[in-house]
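Undergrad: Make a model of this:
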Amino acid sequence: MEEKLILKNRLKVARAEKNLSQGDLAELVGVSRQTISSIETGQFCPTAKLALVLCIALDKKFEDLFYFD
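TA: Got it, this is the predicted structure:
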């Protein structure tokens, strides 16, 4: 039986630690505020490139921001 891996994230917590709004983070990484919101709520799975850019912007390791549930 195949188990489906679902990518989860701690983006909202990491963003709050840096005192950034969704709009602030979006501007830093070059996407819309709606994209950040969609990632935080699990409606959108970021590309590898965007995930790494988010890690750099938030000064976090990939495994600190993203995980499988």
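
Undergrad: Please make it C-alpha for all contacts and neighbour counts, starting now.
TA: OK.

Undergrad: Wait, Pro46 touches Ile39, no?
TA: Yes: counting by CA atoms under 8 Å, Ile39 is a contact partner of Pro46 at 6.8 Å.

Undergrad: So what touches stretch 5-19?
TA: 21-22, 25, 39-40, 42, 45, 58, 64-69 (CA atoms under 8 Å, 6 or more residues apart in numbering).

Undergrad: Which helix runs longest in this protein?
TA: helix 48-58 (DSSP state H).

Undergrad: number of nearby residues for Gly30?
TA: 11 (other CA atoms under 10 Å).

Undergrad: So which residue is dead centre in the protein?
TA: Centroid-nearest residue in the chain, with CA atoms, centre = their mean: Leu11, separated by 4.4 Å.

Undergrad: quick one: pLDDT of that residue?
TA: If you check Leu11, the pLDDT there is 98.

Undergrad: Arg33 too?
TA: 98.
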